[in-house]
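> Okay, predicted coordinates and the sequence, questions at the end:
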Amino acid sequence: MSTHPTWCRQGHHCSAERGGEHRSDPLAVTAGPHRLVLTVVQPVGRVPAAEVRIRVRLAGSDAEQGRRVLALVQHLASVVKEVSQ
């Protein structure tokens, strides 16, 4: 039987006892049409990680939306790099 971290939701959300991963309750933040959901996950035998889903409304033309997506990805990559050091 696996020992669950204090943040683990357990129950059917946690598959650690079957060789999967611990999972926390999702933390959701909504700001207008935008939404971010973060869940802490920890595969068995590994360190915890943040699993993030994000929904951002894109305005402008197709070309502008493409530039905004690229800027968003670059910004998120720099944030990930900063928090993982």
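Yep, that arrived. Worth saying up front: this structure is predicted, and the values here are computed from it rather than measured.

> for this structure, what are the low-confidence residue spans?
Scanning the chain for pLDDT under 70 picks out 1-2.

> Find the residue at the geometric middle of the chain.
With distances taken as CA atoms, centre = their mean, residue 52 lies nearest the centre of the chain, 1.5 Å away.

> In what element of secondary structure is the residue lying closest to that residue once chain neighbours are set aside found?
Spatial nearest neighbour of residue 52, chain neighbours left out: residue 38 (5.2 Å); criterion: CB to CB, 6 or more residues apart in numbering. For glycine as for every other residue, the C-beta is placed from the backbone atoms N, C-alpha and C. Per DSSP states H and E, residue 38 falls inside strand 34-43.

> Give me the residues contacting that strand.
With CB atoms under 8 Å, 6 or more residues apart in numbering as the test, strand 34-43 has contacts from 5, 7-8, 16, 20-29, 48-57.

> export it as CSV, just CAs?
Only the C-alpha atoms of strand 34-43 are listed here, as CSV (Å, rounded to 0.1, in the frame of the first residue of the first chain):
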residue,chain,number,x,y,z
HIS,A,34,-9.7,32.9,-19.4
ARG,A,35,-9.1,29.8,-17.2
LEU,A,36,-6.1,28.1,-15.6
VAL,A,37,-6.3,24.7,-13.8
LEU,A,38,-3.3,23.4,-11.9
THR,A,39,-3.1,19.9,-10.4
VAL,A,40,-0.1,18.5,-8.5
VAL,A,41,0.9,15.0,-9.7
GLN,A,42,3.5,12.6,-8.5
PRO,A,43,4.2,9.5,-10.4
